[in-house]
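**Student:** What shape does this take:
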Amino acid sequence: MGEHELIVSLGPTLVSNRTFIIQLLLVAGIIVIVGWLFAKRGAKQLAVRRLLIIAFAAFAVATVLFPSVLTKGANLVGVGRGADLLLYATVLVLLGFLALQEARTKAAEKRTTYLARRLALDEAPPPAEYRAAALGRQDG
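**Tutor:** Numbers count the residues shown, from 1 in each chain. Next comes the predicted model:
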């Protein structure tokens with residue numbers, strides 16, 4: 001295989017090909033998602049997360065534009081098709097995301113419980129005042 005044939009086989013498809021439309025839509029979707037992630041996270045986001053997002057976006061664009069590279073990578077690790085490898089990787093990332101969200105939810109629930117208890121204690125009347133009010137009601 002010559003150099004030109006290799007570039008054509010690895011590169012984006014021609015505009016006249018129907019797959020260009022889906023490639024364009026997928027790349028646009030990836031760009032929108034990455035932009036949304038940066039906008040939602042703001043300045044509080046760690047540099048590591050930003051680098052991971054950029055790496056994910058680059059990988060996603062590369063798999064859309066160069067699907068044969070993904071297939072070759074899949075063959076290297078013993079998977080028949082690149083789409084199958086992408087599916088397996090997606091399942092792993094989804095499970096990791098769900099585990100992370102579960103941990104965050106539990107931490108938020110613990111903080112909420114602590115704050116509710118603290119607020120209840122702070123707003124409760126002192127024991128002597130409560131006792132006097134309770135005894136006053138029993139007498140009446």
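
**Student:** other SSEs contacting the strand or helix carrying residue 51?
**Tutor:** Using DSSP states H and E, residue 51 sits in helix 47-65. With contacts defined as 3 or more C-beta pairs under 8 Å, 6 or more residues apart in numbering; DSSP states H and E, the secondary structure elements packing on helix 47-65 are helix 19-41, helix 67-76. Backbone N, C-alpha and C define where each C-beta goes, glycine included.

**Student:** Now the weakest link among those, please, by mean pLDDT.
**Tutor:** Between those, the one with the least mean pLDDT is helix 19-41; it has a mean of 69.

**Student:** shaky segments in this structure?
**Tutor:** Within the chain, the stretches with pLDDT under 70 are 1-19, 21-22, 26, 33-46, 48-49, 137-140.

**Student:** so how far is the helix or strand encompassing residue 109 off the chain centroid?
**Tutor:** Here residue 109 sits within helix 82-123, counting by DSSP H and E. From the chain centre to the centre of helix 82-123 is a distance of 12 Å (C-alpha atoms, centre = their mean, to the nearest Å).

**Student:** now the angle between helix 67-76 and that helix, please.
**Tutor:** 90 degrees (axes from the mean of the first three to the mean of the last three C-alpha atoms, to 10 degrees).

**Student:** Run the angle between helix 82-123 and helix 47-65 for me.
**Tutor:** Interaxial angle, helix 82-123 versus helix 47-65 (the same axes, to 10 degrees): 150 degrees.

**Student:** and residue 103, how far is that from residue 61?
**Tutor:** 30 Å (C-beta to C-beta, to the nearest Å).

**Student:** my bad, should have said residue 20
**Tutor:** 14 Å.

**Student:** One more: residue 91?
**Tutor:** Between residue 91 and residue 61 the computed distance is 21 Å (C-beta to C-beta).

**Student:** higher neighbour count, the two?
**Tutor:** residue 61 (16 against 10; other C-beta atoms under 10 Å).

**Student:** Many thanks, I have nothing further to ask.
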